[in-house]
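In: sequence below, structure please.
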Amino acid sequence: SSGSRIDTWWRSHQVKGVVMSKVELVIVLAAGEGTRMKSKSAKVLHEIAGRTIIENLLAAVKPLEAKNLTVVVGSHKDEVIEHLSKIAPKAKTVFQEKRNGTGGAAQLALASHKGDGTVLILAGDTPLLTTQTLQEFIDLHASQKNKASVLTALLPDPTGYGRIIRGDNGAILKIVEEKDAADSEKDIDEINTGVYLFESKVLSAVISKIQSNNSQKELYLTDVISLLNDQKDFAHAILSNDYTETLGINDRTQLAECAAIMRDRINNQHMLAGVSIIDPTTTWIDAGVKIEADVVIYPSSSISGESVIKSGAIIGPRTTLVDCEVGSDASVIESFATKSKIGAGAKVGPYTYLRKGTVLDSDSKAGAFVEIKNSTVGKGSKVAHLSYVGDAQIGQESNIGAATVFVNYDGENKHQTKIGDQVRIGSDTMLVAPVTIGDGAYTAAGSVINEDVPAGAIGIGRARQVNILGWVLKKRKDSKSAAAAKKAGAKE
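Out: Numbers count the residues shown, from 1 in each chain. As a prediction, the model looks like this:
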């Protein structure tokens, strides 16, 4: 049973309605300095797929329904505690003031807990672990009646990880950290993932005995294994079927590697659910995004936050959506949108910028080089190109001509513009807010409109045109324009 692969056991023991094994206490070790990240923020607060590293881990832990959760914090403790209060408000935090190793962190967590049962210990920098792997690990531990179990993995390159040293009976003799390993031990490719299960009484009996006689002068949690062996409570290795889940993060390179693995995992889930992703390697979708079947996503697109994409929508190429809702059969092409709602059948892009508070009703359009902010565009209305719309309400079936500007800011305050139904705003109109354009009204091209235009009227806000004959021949007599004018018959 020692060294059994999780997936093999799980397939042979799946029973419909089986009760998931529970744990009494989950301990997350998140006190590390993270110096190799070279960051002002705590390592566990860096993001992958729209969630922090520790948030990804706790998302996998939550369905286990453990009775207690303790997070050991250290570096940047105030930041981490504040973040935990938002994502895991029931979690207990313990401060490891002296960062003396994983063993010291586990000692603090156990000292603050009362109760027996199974203890699951995890490293806070392993964001790729899944609920299924953790549950399978727990169930195997229970079925084998182990006093201690270690989740292990076979890595193509085990450099930097603690090596699993097995005995003749398959049990773990010890776990040797990279810096303390002999050359022969470094050749071993089975590594410690930092995921452990202990029976609480067994762990409590030996954890106080670990010593700091190693190259780091720290208390290693892994030294518990040798102490357990001394009292015949052997630890057993349970081999993970996917080593990528167990990868930890120590620097920005590893952060990027884990992000790419998470990207592929998320994209694969969406594609299996009926989403067409033309180029998964350039498509980045956050874990919190919801996408319905028959959506098509073109290359170099990013969908983040709590975005929701309805069936039949087309996204991209080269489109970024942040906390947006996109309705069925809408299209968003080569554009950037944040905190906006795009209705069914609406068309956005190319090169459109939708800012916070933008609402495009069904079958509306925000076209090329259009910026919209804190505004509603009614059903079937169009802002086709080269325009700015700010703090506005646009009714149904209205058309905003090219190069129109909603002049919403007077230097101190923002003001609102209201456009009715079936309105035609001429190209190059300046709408100086606050102003209202009534239903069915027009504005003449090139107008500056600073007074309300009644329903059915046309607003004209421009000076009468005056042509000064012969001006070019007098003022630019040696220019190419003057030559052209003379050829056309112009006279001074």
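
In: list the contacts of the residue nearest the centre of the chain.
Out: By C-alpha atoms, centre = their mean, the mean C-alpha position of the chain lies nearest to Gly50, the distance being 1.5 Å. Shown in contact with Gly50 (C-beta atoms under 8 Å, 6 or more residues apart in numbering): Asp286, Ala287, Gly288, Val289, Ser304, Gly305. Yep, even glycine has a C-beta here, placed from its N, CA and C like the rest.

In: what helix or strand is the second one on?
Out: Element membership of Ala287 [criterion: DSSP states H and E] is none; it lies in no helix or strand.

In: could you pull up phi and psi at it?
Out: Dihedral pair for Ala287: phi -60, psi -30, per degrees, to the nearest 10.

In: so what's the residue count around the closest residue to it other than its chain neighbours?
Out: Nearest non-adjacent residue to Ala287, counting by C-beta to C-beta, 6 or more residues apart in numbering: Ala49, 4.4 Å away. Ala49 has 20 neighbours, counted by other C-beta atoms under 10 Å.

In: same question for the one 5 residues further on.
Out: Counted with other C-beta under 10 Å, the neighbours of Ile54 add up to 28.

In: okay, the residue nearest to Ala287: pLDDT?
Out: Among the per-residue scores, Ala49 holds a pLDDT of 98.

In: show the backbone phi and psi for it.
Out: Taking degrees, to the nearest 10, you get phi 50, psi 40 for the backbone angles of Ala49.

In: now swap in Gly470 and tell me
Out: phi 70, psi 10.

In: I'd say it and Lys491 touch.
Out: Yes: Gly470 lies in contact with Lys491 (C-beta atoms under 8 Å); the separation is 6.2 Å.

In: what about the two, which has more around it?
Out: Gly470 (11 against 8).

In: tell me where the stretch 201-350 of the chain has helices.
Out: In the stretch 201-350 of the chain, the helices defined using DSSP state H, counting those that start in this stretch lie at 224-230, 252-272.

In: what helices or strands is the shortest one leaning on?
Out: I take that to be helix 224-230. The contact analysis (3 or more C-beta pairs under 8 Å, 6 or more residues apart in numbering; DSSP states H and E) places helix 224-230 against strand 148-154, strand 172-176, helix 200-206, strand 235-239.

In: same list (the contacts of Gly50) but as CSV, adding neighbour count, pLDDT and distance to Asn374.
Out: Below are the contacts of Gly50 laid out as CSV (neighbours: other C-beta atoms under 10 Å; pLDDT from 0 to 100; distance: C-beta to C-beta, whole Å):
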residue, neighbour count, pLDDT, distance to Asn374
Asp286, 22, 98, 24
Ala287, 17, 97, 28
Gly288, 16, 97, 24
Val289, 22, 98, 24
Ser304, 20, 98, 21
Gly305, 15, 98, 18
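
In: of all the residues you listed, which comes closest to Phe336?
Out: Distances from Phe336 to the contacts of Gly50, taken as C-beta to C-beta, are shortest for Ser304 (11.4 Å).

In: quick one: contacts for the residue nearest to the closest one when sequence neighbours are not counted?
Out: With sequence-adjacent residues excluded and distances taken as C-beta to C-beta, 6+ apart, Ser304 is closest to Asp286, at 4.3 Å. Asp286 makes contact with Ala49, Gly50, Arg51, Ile266, Ile303, Ser304, Gly305, Ser307 under the criterion C-beta under 8 Å, 6+ apart.

In: how about the helices and strands packed on helix 224-230, which one is nearest Val407?
Out: The minimum distance between Val407 and the helices and strands packed on helix 224-230 falls on strand 148-154, with 61.2 Å, by C-beta to C-beta.

In: can you show me the CA trace of stretch 141-157 as CSV?
Out: Written as CSV, here are the backbone C-alpha positions of stretch 141-157 (Å, rounded to 0.1, in the frame of the first residue of the first chain):
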residue,chain,number,x,y,z
HIS,A,141,-4.6,7.7,4.7
ALA,A,142,-7.7,6.5,6.4
SER,A,143,-8.2,3.3,4.5
GLN,A,144,-4.6,2.3,5.2
LYS,A,145,-5.0,3.2,8.8
ASN,A,146,-1.8,5.2,8.7
LYS,A,147,-0.5,7.2,11.7
ALA,A,148,1.3,9.5,9.3
SER,A,149,1.2,10.0,5.5
VAL,A,150,3.2,12.2,3.1
LEU,A,151,2.0,13.2,-0.3
THR,A,152,4.9,12.6,-2.7
ALA,A,153,5.6,13.2,-6.4
LEU,A,154,8.0,12.1,-9.1
LEU,A,155,9.6,15.2,-10.6
PRO,A,156,11.5,15.4,-13.9
ASP,A,157,13.9,17.8,-12.0
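
In: contact partners for the residue nearest to Ala287?
Out: Ala49 sits next to Asn56, Ala259, Met262, Arg263, Ile266, Trp284, Ile285, Asp286, Ala287 when contact means C-beta under 8 Å, 6+ apart.

In: for those, which single residue is the most surrounded?
Out: When neighbours are counted by other C-beta under 10 Å, Ile285 leads these with 27 neighbours.

In: circling back: for the contacts of Ala49, which one is nearest Lys114?
Out: Lowest distance from Lys114 to the contacts of Ala49 (C-beta to C-beta) belongs to Asn56, with 29.4 Å.

In: surely the closest one meets Ala287?
Out: Yes: under the criterion of C-beta under 8 Å, Asn56 lies in contact with Ala287, with a separation of 7.2 Å.

In: what sits in contact with each of the two?
Out: Residues within reach of Asn56 and of Ala287 at once, by C-beta under 8 Å, 6+ apart, are Ala49, Met262.

In: Ala153 contacts Leu239, correct?
Out: Yes: judged on C-beta under 8 Å, Ala153 makes contact with Leu239 at a distance of 7.0 Å.

In: looking at the two, which is more packed in?
Out: Ala153 (23 against 20).
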